[in-house]
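> 3D model of this:
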Amino acid sequence: MANLIFGIIMLLMLVLITAVSLSGAAGSAGNVLGVAVPLSEHGSPEVQAEVRAFRRQVLRIAGLFLLLGVPVLLIGRWVWLQFPLLLIWDLAHLGAVWRCQEHYAERMRALRKEKGWPVPDPNRFTVDTGLNRKRMGVSPLWMLPGTILALAAAIGSLAAGGASMLPTALAAVLLQGVCWLIRFACRKGRATAYSEDPDVNRACHSAAIRGWTGYAALFSLLSALMALFLWLNGAGWLSGEIWSVLPFLLMLAGVLGGSLFTIQRIRKSQRRILGQTEETIPVEDDLSSYKWGFYNNPRDPRVVVPKRLGTGFTFNVGQPAGKWLMGGTLGFAVLMLAGIFGSLIWMGTADYTITIGTDSVSVSAPFYGQEFPLSELEGVSLAESIPDGSRTNGAAFGSTLLGHFRLDGVGNAVLYVDTRRMPCLVLDFGDVTVYYTAETAEETTRLAEELTALLP
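Numbers count the residues shown, from 1 in each chain. Coordinates of the predicted model:
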């Protein structure tokens, strides 16, 4: 199951990078493959030939990395190694696509020079300071269903599982905060000027903000549904390991698919609007504004700008706010990846030890160490297998089962198990059952005999 989930995540990442690259080739307002091209020439045979060649190359790269991903899946037994290899695989794919984009952007510049098409002035400001975006976008009422549902799921999770469901509750609330932040951010800041006509700029930005605020409402609802399913799973109303990961995968697919659909819809609307005017402003594509792949233009007052290549937005690190936002984003990503990698290594290599005291049984383990009162011990046994069930707040990778689970026919359980070291010790504490495997089967049997002697 873990390898299947890992494979689905890899496939989603591959599809995302490929889809973003292909959608960027379609061209935005005055931009094809990151190069300013007159809107009237977007459909010319020469431009379309370059776009088709770029798309074919992106698909070849995707096929190559699909094959390179197979060895990563085959080492599923060593999750602590699988995760960094996935990161390297993903970064290598991004690097290959970026080099491909740069190559075809140079070819497009050469074509522009050959045809004598105008080159945009890099010193020209491209913002419409008179455009007010605050009243654009869909009504905030569209956000309320997702927010209310997420809060209900958070409260229900805490009521059903207490501290063990705290991560689910926090995730539900934090994701809603992200959705409201997306809505707030897309209605703030400087407005890109696509035309000399303010009405055209207003129409272009209205299409973009309607799209992104609608996407924020969709993201809000999808994340709330994920939290709802995780709550139902943690409360025992849905059984099976699949329910602990399926909501996340469905939300991920919906969020990525929704973002690509939104971007394509916005671009289509803006191309239609700009196609009705001859007063368009060429999009800046001066490479001197880019350093190490980052947009760095102190002359541009915008903080958030469209990407020159690909799909989406980036920060202008030439502005102080852009530096903080980019640094914070990259720092958060590095810390998150380091935390995940470190946690996997710790959980996969640490020894779980059990200590029998005069009043309690203590288990030492990464993140999930706990103390259980001996006065509540109702039964001791050995088991050759773990019942089916699902995680409520735990980890299951390779042969390791660690943390809080809900098991069929058992209920709430805390697992400290390496399935290669069966049998496991089963301790029934009434409200919760503990499963534990020692270094050897002999040690597990000795612990069972010692604890049986301590039964009331």
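> quick one: what helix or strand has the spatially most central residue of the chain in it?
Here the mean C-alpha position of the chain is nearest to the C-alpha of Leu252 (C-alpha atoms, centre = their mean), at a distance of 6.7 Å. Element membership for Leu252 (DSSP states H and E) is helix 246-274.
> Sort out which residues of that helix are buried, please.
246-248, 251-252, 254-256, 258-260, 262-263, 265-267, 269-271, 273-274 (16 or more other C-beta atoms under 10 Å). For the C-beta atoms, the positions are set from N, CA and C on the backbone; glycine is no exception.
> Counting by contacts, list what the helix or strand where Val200 lies packs against.
Following DSSP H and E, one finds Val200 within helix 198-234. With contacts defined as 3 or more C-beta pairs under 8 Å, 6 or more residues apart in numbering; DSSP states H and E, helix 198-234 has these neighbours: helix 144-161, helix 166-185, helix 246-274, strand 389-397.
> mind listing what's buried in the first one?
By neighbour count, and taking 16+ other C-beta under 10 Å as the criterion, the buried residues in helix 144-161 are 146-147, 149-151, 153-154, 156-158, 160-161.
> TSV please, covering the residues you listed and showing pLDDT.
Output for the buried residues of helix 144-161, formatted as TSV (pLDDT from 0 to 100):
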residue	pLDDT
Gly146	87
Thr147	89
Leu149	86
Ala150	84
Leu151	85
Ala153	80
Ala154	79
Gly156	78
Ser157	71
Leu158	73
Ala160	65
Gly161	59
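> quick one: the helices in the protein?
Taking DSSP state H as the test, the helices found in the chain are 2-25, 45-74, 79-115, 144-161, 166-185, 198-234, 246-274, 320-349, 441-452.
> Does anything pack onto the shortest one? Which helices or strands?
Contact analysis of helix 441-452 by 3+ C-beta pairs under 8 Å, 6+ apart lists strand 353-356, strand 379-383, strand 424-428 as its packing neighbours.
> again with the fifth one
With contacts defined as 3+ C-beta pairs under 8 Å, 6+ apart, the secondary structure elements packing on helix 166-185 are helix 144-161, helix 198-234, strand 389-397.
> now with 7 Å?
Packed against helix 166-185, as judged by 3 or more C-beta pairs under 7 Å, 6 or more residues apart in numbering; DSSP states H and E, are the following elements: helix 144-161, helix 198-234.
> So which bits of that helix are buried?
Neighbour-count burial for helix 166-185 flags 168-169, 171-172, 175-176, 179, 182-183 (criterion: 16+ other C-beta under 10 Å).
> quick one, which of the helices and strands packed on helix 441-452 is nearest to Gln48?
The closest of the helices and strands packed on helix 441-452 to Gln48 is strand 424-428. By C-beta to C-beta, the value is 63.2 Å.
> Which single one of the buried residues of helix 144-161 is nearest to Tyr104?
Relative to Tyr104, the closest of the buried residues of helix 144-161 is Gly146; by C-beta to C-beta it sits at 39.3 Å.
> Give me the spatial nearest neighbour of the closest one, chain neighbours excluded.
Computed as C-beta to C-beta, 6 or more residues apart in numbering, the closest residue to Gly146 that is not its neighbour in sequence is Ser220, at 3.2 Å.
> Which residues are in contact with that neighbour?
Contacts for Ser220 (C-beta atoms under 7 Å, 6 or more residues apart in numbering) come out as 143, 146-147, 176, 179.
> And it, what's its pLDDT?
In this model, Ser220 is scored at 88, pLDDT.
> ditto for the one 10 residues further on
On pLDDT, Leu230 comes in at 74.
> now it: how far from Leu407?
Distance, Leu230 to Leu407, using C-beta to C-beta, to the nearest Å: 17 Å.
> Who has more neighbours out of the two?
Comparing Leu230 with Leu407 by neighbour count (other C-beta atoms under 10 Å), the higher total belongs to Leu230, at 29 against 18.
> State the distance from the more buried one to Leu246.
Between Leu230 and Leu246 the computed distance is 10 Å (C-beta to C-beta).
> Please apply the same query to Thr392.
Using C-beta to C-beta, one gets 15 Å for the distance from Thr392 to Leu246.
> If we ignore the residues flanking it in sequence, what's nearest Pro145?
Leu221 (6.2 Å).
> these two touch, right, that neighbour and Thr147?
No: taking C-beta atoms under 7 Å as the contact criterion, Leu221 and Thr147 are not neighbours in contact, 9.3 Å apart.
> Output the helices and strands packed on helix 166-185 as a markdown table; include the columns distance to Gln48.
Formatted as a markdown table, the entries for the helices and strands packed on helix 166-185 read as follows, by distance: least, C-beta to C-beta, whole Å:
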| stretch | distance to Gln48 |
| --- | --- |
| helix 144-161 | 40 |
| helix 198-234 | 24 |
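> Of all those, which one is nearest Asn31?
Short answer: helix 198-234, nearest of the helices and strands packed on helix 166-185 by C-beta to C-beta, at 13.3 Å.
> how much does the closest one deviate in direction from helix 246-274?
With axes from the mean of the first three to the mean of the last three C-alpha atoms, to 10 degrees as the criterion, the two stretches helix 198-234 and helix 246-274 enclose an angle of 170 degrees.
> and helix 198-234 with helix 144-161, angle?
Inter-element angle recorded for helix 198-234 and helix 144-161: 20 degrees (by the same axes, to 10 degrees).
> Show me which positions of helix 198-234 end up buried.
Under the neighbour-count criterion of 16+ other C-beta under 10 Å, helix 198-234 has 200-234 buried.
> For stretch 422-440, measure first residue to last.
8 Å (C-alpha to C-alpha, to the nearest Å).
> from the chain's centre, how far out does it sit?
Going by C-alpha atoms, centre = their mean, to the nearest Å, the spacing between the C-alpha centre of stretch 422-440 and its chain's C-alpha centre is 35 Å.
> hmm, who's touching that stretch?
For stretch 422-440, the external contacting residues (C-beta under 7 Å, 6+ apart) are 352, 354, 361, 363, 372, 376-384, 386, 410, 412-418, 421, 441, 444, 447-448, 451.
> circling back: to Leu335, which of the helices and strands packed on helix 166-185 lies closest?
Ranking the helices and strands packed on helix 166-185 by their distance to Leu335 (criterion: C-beta to C-beta) puts helix 198-234 first, at 21.8 Å.
> any idea of the angle that closest one forms with strand 389-397?
Taking the same axes, to 10 degrees, one finds helix 198-234 and strand 389-397 inclined to each other by 110 degrees.
> Give me the angle between helix 198-234 and helix 166-185.
With the same axes, to 10 degrees defining the directions, helix 198-234 sits at 170 degrees from helix 166-185.
> any weak-confidence spans in the stretch 201-350 of the chain?
Along the stretch 201-350 of the chain, segments meeting pLDDT under 70 span 233-245, 277-289, 292-293, 306-313, 337, 339-341, 343-344, 348.
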